[in-house]
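Asks: just coords:
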Ligand code: AMP
């Protein structure tokens, strides 16, 4: 598993009980990074895509490389308060409290076909909020892709249950 084996696991980060899946070890490896981007691209060969939307921050790294290859636009899905222009936003629940993702009001035109990308899907709360935002902008979500799925947390199943096509390159059991 050349991609999975290049991802570092850091136990108890950022808090006890969390197995943090660190993709910097994959990104810093020239072969690994190219392989990961190429594998993500493969799924969407021949699919019409107007925009890649990447979730802050590791989704920017993947999404930028993918958008370049697709020759399409890139939309940053940012955390609360980071974007300089007018935004639309969605709050979503965390274990304790809430967080918020935002895009610029003019980032996606009605009818544009958008591919969502992030490094990892866990509970799916972040991705679902991003999908909701894309649809609020009247974009069409053509798929959601991730390097890593944590299937025990159910996020990918939840997105699929809502009718979205989810693709991930590898899985880690447990949290
Ligand atoms: P979720 O909204 O629960 O699906 O969480 C996904 C977001 O949190 C992604 O942007 C991930 O980068 C980050 N994340 C959640 N769990 C982990 C983990 N175990 N290791 C690394 N990143 C994580």
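Replies: On my side now, so go ahead. Computed from a predicted model, the values in this text were never measured in an experiment. Numbering: from 1, shown residues only.

Asks: residues contacting residue 56?
Replies: Taking Cβ atoms under 8 Å, 6 or more residues apart in numbering as the definition of contact, the neighbours of residue 56 are 76, 77, 78, 79, 82, 101. All C-beta spots, glycine's among them, are computed from the backbone N, C-alpha and C.

Asks: okay, and which of these map to strands?
Replies: Secondary structure assignment (DSSP state E) places 76, 77, 78, 79, 101 from these within strands.

Asks: excluding covalently adjacent residues, which one is nearest to the fourth one?
Replies: Okay, so that is residue 79. Here the nearest residue to residue 79 in space, its sequence neighbours aside, is residue 56; by Cβ to Cβ, 6 or more residues apart in numbering that works out to 5.4 Å.

Asks: residue 141 against residue 112, yeah?
Replies: No: contact between residue 141 and residue 112 fails when scored by Cβ atoms under 8 Å: they sit 10.3 Å apart.

Asks: what residues does the protein put near the ligand?
Replies: With the criterion set to Cβ under 6 Å from any ligand atom, the chain comes near the ligand through 18-21, 55, 58, 118-127, 155.

Asks: returning to that earlier point: now the contacts of residue 56 in a markdown table, with pLDDT, distance to residue 29 and neighbour count?
Replies: Putting these into a markdown table (pLDDT from 0 to 100; distance: Cβ to Cβ, whole Å; neighbours: other Cβ atoms under 10 Å) gives the following:
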| residue | pLDDT | distance to residue 29 | neighbour count |
| --- | --- | --- | --- |
| 76 | 99 | 24 | 20 |
| 77 | 98 | 26 | 28 |
| 78 | 98 | 27 | 20 |
| 79 | 97 | 27 | 15 |
| 82 | 98 | 28 | 12 |
| 101 | 98 | 29 | 26 |
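
Asks: what's the closest of these to residue 37?
Replies: residue 76 (17.4 Å; Cβ to Cβ).

Asks: which residues touch residue 143?
Replies: With contacts taken as Cβ under 8 Å, 6+ apart, residue 143 has the following neighbours: 43, 44, 47, 115, 116, 164, 165, 166, 167.

Asks: so, low pLDDT: which residues of this protein?
Replies: For the chain, the stretches flagged by pLDDT under 70 are 1, 175.

Asks: can you give me the strands in it?
Replies: Read by DSSP E, the chain holds these strands, from start to end of the chain: 8-11, 19-22, 51-55, 73-79, 87-93, 98-104, 113-121, 140-149, 166-171.
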